[in-house]
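Student: coordinates for the following, if possible.
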Amino acid sequence: MQATNKPQECLSTMQLIRETTYDSLRSACTGRHPLTVAQAKNVVKMALQAMRITARVDSAALSRVWEPQQMNSILVEVQASQKLTKGGGLMVLIRQMARRLGIEQQTGAISKTKKRKATDDGAKSDKSKKKAKKHVK
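Tutor: Got it, this is the predicted structure:
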């Protein structure tokens, strides 16, 4: 197979990948074509790679090819799907796609750094007190 140097051919292929990816995820959410969480993760992994290639070929075309508005609706649909949200890894991958397109969505989850700061500010936990006692002789 001969490699092509024509960016437009590559971008048109990326549009086909985007359409197929979005259709597959929508179908999985509605139950028209059921996908397992593992299958959906593989679809999203492939799409992430295609997004990287799109950015490499023409970074200005990323938003035009991958259509952030559609990605945002996909994100909302997948979050509403009880079946697809069972696998936390899928949502992480979909959020990576959204971030690449400049879509930021609040999840309501507290980040690990905030949790650590909250425990550091307060009294030490019982576990850390026990560890400190073991080291003191």
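
Student: show me the shaky parts of the protein.
Tutor: Low-confidence regions of the chain, defined here as pLDDT under 70, cover residues 1-5, 87, 105-137.

Student: buried sites along the longest helix along it?
Tutor: Scanning the chain for the helix with the most residues, using DSSP state H, yields helix 7-30. For helix 7-30, burial by neighbour count (16 or more other CB atoms under 10 Å) applies to 10-11, 13-15, 17-18, 21-22, 24-26, 28-29. Where C-beta positions appear, they are placed from N, C-alpha and C, glycine not excepted.

Student: so whichever helix or strand comes after that helix versus helix 7-30, what angle?
Tutor: Reading on from helix 7-30 to the C-terminus, the next helix or strand found by DSSP states H and E is helix 37-57. With axes from the mean of the first three to the mean of the last three CA atoms, to 10 degrees applied, the angle from helix 37-57 to helix 7-30 works out at 160 degrees.

Student: quick check: next helix or strand after helix 37-57?
Tutor: Following helix 37-57 in sequence order, the next helix or strand is helix 62-66 (DSSP H and E).

Student: one step back: pick out the most distant pair among the buried residues of helix 7-30.
Tutor: Across those, the two members that end up farthest from each other (CB to CB) are 10 and 29, 28.8 Å apart.

Student: count the neighbours of residue 43 for me.
Tutor: Other residues near residue 43 come to 20 when the count uses other CB atoms under 10 Å.

Student: that one - nearest residue in space that isn't next to it in sequence?
Tutor: Take residue 43 and drop its neighbours on the chain: the residue closest to it by CB to CB, 6 or more residues apart in numbering is residue 24, 5.2 Å away.
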